[in-house]
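> What follows is a predicted structure for the sequence shown.
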Amino acid sequence: MSSSKRKQRGNIKRSILAILISLVHIIPLYILVGVAFKKPDDLTSRWILPKYLYLDNFKVAIEQGNILRGLTNSSIITFTAIVLITVVGAMAAYPLARNATKTNMKIKAFIVGIMMVPPLSIVVPLYSMMADVQGTSTYWGIITILVTFQLPMSVFLYYNFIRSIPVDLDEAAAIDGCGPLRTFFQIILPQLKPVTASVVILTGVSCWNDYQFSLYMLQKAEMQTVTQTISSFFAQNSSNLNAAAATALLGILPILVLFMFLQKYFIKGMIDSAIK
């Protein structure tokens, strides 16, 4: 078999694999849209889109589920958490990457070890501690928890990227009279855009989709996030699947719109990060 035929066959296999992966992501969204626009008494297959538009499910999501309040709370929590995760993560990774001492290696190993801890395993003592400091049902309480659990991944990503930046830049900045902080903010930080895009994507999605911590830490109705709003339509004795689907659709729209506008920056950041 010639090399051109092998290359063509390889391209076909990759195309088939890409189509299958795309279907895995598209099919749930397709079903979600169909259920969101169906009447509650419509028992047709969920694989069939309705031939009508039933908008009362969205009315229920807004009026009864208070999805707008959930979107507001999730936006505040996610945005604040992302800012802290990126800034603190980058500043913590910089000295670890530039000073390869035994102590710093142990700190790095400890940080990576924290990533292995299942969050649900410490929910009870964590809730008890937050209750003692009156951090439950507050923005600062849930933000502190999310930042704490997302920081290890942020530090790990920044650490590996900063190590690829030549130390000569730091030495040149020191010769020009720059201290460590000035060197970081003026020399190192501008070069961290690719990995910052990766950190924002990974941690932002995790914070937006968080349910386990929000369920326990945000018990007041006015503090509910998008995920809690969706779960409110499911009870032990009854559920409203159509309204829940409409709520979920409204909940993912902000992320979809944001990605559509910023996808070229996200993709460029991921590619540059991989090359580094």
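In hand now; what should we look at?

> Poorly predicted segments of the stretch 101-250 of the chain, please.
For the stretch 101-250 of the chain, the stretches with pLDDT under 70 are 236-237.

> Would you map the helices across it?
Taking DSSP state H, counting those that start in this stretch as the test, the helices found in the stretch 101-250 of the chain are 102-114, 123-132, 139-163, 168-175, 180-183, 193-208, 212-217, 226-231, 241-275.

> Mean neighbour count added to those helices, as CSV?
Bear in mind the C-beta positions are built from the backbone N, C-alpha and C, glycine included. Listed next are the helices of the stretch 101-250 of the chain as CSV, based on neighbours: other C-beta atoms under 10 Å:
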stretch, mean neighbour count
helix 102-114, 13
helix 123-132, 13
helix 139-163, 20
helix 168-175, 13
helix 180-183, 14
helix 193-208, 20
helix 212-217, 19
helix 226-231, 22
helix 241-275, 16
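
> Could I get the ones you listed in a markdown table, plus columns for distance to L23?
Formatted as a markdown table, the helices of the stretch 101-250 of the chain follow (distance: least, C-beta to C-beta, whole Å):
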| stretch | distance to L23 |
| --- | --- |
| helix 102-114 | 35 |
| helix 123-132 | 35 |
| helix 139-163 | 29 |
| helix 168-175 | 46 |
| helix 180-183 | 48 |
| helix 193-208 | 21 |
| helix 212-217 | 29 |
| helix 226-231 | 24 |
| helix 241-275 | 18 |
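
> Nearest to R69, out of these?
Checking those against R69 by C-beta to C-beta gives helix 226-231 as the closest, at 7.7 Å.

> Next, work out how far apart the residue lying closest to G89 once chain neighbours are set aside and D210 are.
Nearest non-adjacent residue to G89, counting by C-beta to C-beta, 6 or more residues apart in numbering: S154, 3.0 Å away. Separation of S154 from D210 (C-beta to C-beta, to the nearest Å) stands at 16 Å.

> Kindly report the same for L53.
L53 is 32 Å from D210, by C-beta to C-beta.

> between the helices of the stretch 101-250 of the chain, which one is nearest to A90?
Nearest to A90, of all the helices of the stretch 101-250 of the chain, is helix 139-163, at 5.0 Å by C-beta to C-beta.

> and the angle from the closest one to helix 123-132?
Angle of helix 139-163 versus helix 123-132, following axes from the mean of the first three to the mean of the last three C-alpha atoms, to 10 degrees, is 120 degrees.

> Run through the neighbouring helices and strands of helix 139-163.
If you count contacts as 3 or more C-beta pairs under 8 Å, 6 or more residues apart in numbering; DSSP states H and E, helix 139-163 packs onto helix 67-98, helix 102-114, helix 123-132, helix 193-208, helix 212-217.

> For those helices, give me CSV that also has distance to P40.
Formatted as CSV, the helices and strands packed on helix 139-163 follow (distance: least, C-beta to C-beta, whole Å):
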stretch, distance to P40
helix 67-98, 18
helix 102-114, 45
helix 123-132, 34
helix 193-208, 28
helix 212-217, 26
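
> between the ones you listed, which one is nearest to P254?
Of the helices and strands packed on helix 139-163, the one closest to P254 (C-beta to C-beta) turns out to be helix 67-98, at 6.6 Å.

> if you count what's nearby, which of L53 and D210 comes out ahead?
D210 (26 against 7; other C-beta atoms under 10 Å).

> residue contacts, that one?
For D210, the contact set (C-beta atoms under 8 Å, 6 or more residues apart in numbering) comprises 146, 225, 227.

> okay if I get those residues as a markdown table plus distance to Y139?
Formatted as a markdown table, the contacts of D210 follow (distance: C-beta to C-beta, whole Å):
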| residue | distance to Y139 |
| --- | --- |
| L146 | 11 |
| T225 | 11 |
| T227 | 16 |
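
> closest to I62 among those residues?
Ranked by distance to I62 (C-beta to C-beta), the contacts of D210 are led by T225 at 15.8 Å.

> Count residues in the vicinity of A100, would you?
Neighbour tally, A100, other C-beta under 10 Å: 10.

> any idea how far I143 is from the nearest residue to A92 once chain neighbours are set aside?
Once flanking residues are discounted, A92 sits nearest to V155: 5.1 Å by C-beta to C-beta, 6+ apart. In this view, V155 and I143 are 18 Å apart by C-beta to C-beta.
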